[in-house]
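[1] Build the 3D model from these lines:
(one chain, ligands or ions: 2)
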Amino acid sequence: MTAQIPAESLANVTANETLAQISTSAKPRVSDEEMQQAVRTLLIGLGEDPDREGLIDTPKRVVKALQHLTSGYNQSLDELLNGAIFHEDANEMVLVRDIDLFSSCEHHILPILGRVHIAYIPNGKVIGLSKLARIAEMYARRLQVQERLTNQIAEALQGLLQPQGVAVVVEATHMCMVMRGVQKPGSWTVTSAMRGCFADDARTRREFMDLIRHTPQFH
Ligand SMILES: Nc1nc2c(ncn2[C@@H]2O[C@H](COP(=O)(O)OP(=O)(O)OP(=O)(O)O)[C@@H](O)[C@H]2O)c(=O)[nH]1
Ligand SMILES: [Zn+2]
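    Ligands and ions are numbered 1, 2, ... in the order given. Got it, this is the predicted structure:
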């Protein structure tokens, strides 16, 4: 029988999250109109005519798209969990692999596309499976570096569940390395964050790695 965990168990995570929120989800200091004006300026700087038919609504679209791609700033763990943490005497690894990931690199605001694999070994509490993907998505929809994204997912789970261990692996391709700059299509960056028994016990880590082993490919 599973029972929902009361909200106070979120306390230690939401404390961390609150700090993150203070710096990220404060009310925008500029209006949508000002942001649109900035996009219009960019278009002119690129040599375009922002008043031609195809571009008239582009500033509006770009601002809306960027707001969507960074909507993780306006979310909190509390809200996305919706109470879906349950008491359960499970002691085996829980793994959700191949979760599609769309993020934006903070250096160039270009896409980071890839997958994340998230595992934990419970210690009296389990989390709704979809919430693993939602947590990944919340952090992905911010301006990121892949290392921080990976760590944030691991830290969130560690704080929420105090499990025996957490493992997060992100495999991603960075459009700033593909479409520009060094121009290396086909390169993949792999980052991991191991906590608890995944950090301490090579066999547990190996089991996780075996379970996620596959050829990384983004469809
Ligand atoms: N560690 C890390 N670096 C990243 C990530 N995303 C982009 N970068 C790197 O951030 C660096 C920024 O370097 P700069 O030299 O300031 O910028 P740049 O002139 O655009 O660099 P190039 O991409 O080499 O042309 C580049 O090496 C990028 O590849 C990430 O998620 N993690
Ligand atoms: Zn970049």
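[2] Could you pull out the helices in the protein for me?
    11-24, 32-45, 58-69, 77-81, 129-140, 146-161, 175-178, 197-200, 202-212 (DSSP state H).
[3] among these, where is the model least confident on average?
    Of all these, the minimum mean pLDDT falls on helix 11-24 (a mean of 47).
[4] ok now do the residue lying closest to Lys125 once chain neighbours are set aside, which residues does it touch?
    Among residues not flanking Lys125 along the chain, Leu161 sits closest, at 4.9 Å (CB to CB, 6 or more residues apart in numbering). Where you see a C-beta, it was placed from the backbone N, CA and C, and this is true even at glycine. Each residue near Leu161 by CB atoms under 8 Å, 6 or more residues apart in numbering is listed here: Ile85, Tyr120, Pro122, Asn123, Lys125, Val126, Ile127.
[5] Dump these to JSON lines, plus distance to Thr189, neighbour count and pLDDT.
    Shown next, in JSON lines, are those (distance: CB to CB, whole Å; neighbours: other CB atoms under 10 Å; pLDDT from 0 to 100):
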{"residue": "Ile85", "distance to Thr189": "31", "neighbour count": "22", "pLDDT": "96"}
{"residue": "Tyr120", "distance to Thr189": "23", "neighbour count": "29", "pLDDT": "98"}
{"residue": "Pro122", "distance to Thr189": "29", "neighbour count": "21", "pLDDT": "98"}
{"residue": "Asn123", "distance to Thr189": "31", "neighbour count": "16", "pLDDT": "97"}
{"residue": "Lys125", "distance to Thr189": "32", "neighbour count": "18", "pLDDT": "97"}
{"residue": "Val126", "distance to Thr189": "30", "neighbour count": "20", "pLDDT": "98"}
{"residue": "Ile127", "distance to Thr189": "27", "neighbour count": "24", "pLDDT": "98"}
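[6] quick one: which of those is nearest to ligand 2?
    Closest approach between those and ligand 2, by CB to the ion: Tyr120, at 29.7 Å.
[7] Arg206 versus that closest one, what's the distance?
    For Tyr120, the distance to Arg206 equals 16 Å [CB to CB, to the nearest Å].
[8] Excluding covalently adjacent residues, which one is nearest to the residue nearest the centre of the chain?
    Centroid-nearest residue in the chain, with CA atoms, centre = their mean: Ala140, separated by 2.6 Å. Excluding its sequence neighbours, the residue lying closest to Ala140 (CB to CB, 6+ apart) is Ser103, at 4.0 Å.
[9] if I read this right, the residue nearest to the centre of the chain contacts Phe102, doesn't it?
    Yes - counting by CB atoms under 8 Å, Ala140 touches Phe102, with 6.2 Å between them.
[10] Need the residues touching each of the two.
    When contacts are counted by CB under 8 Å, 6+ apart, Ala140 and Phe102 are jointly contacted by Ile112.
[11] Met179: what's its closest spatial neighbour, skipping adjacent residues?
    Per CB to CB, 6+ apart, closest to Met179 is Leu110, 7.0 Å.
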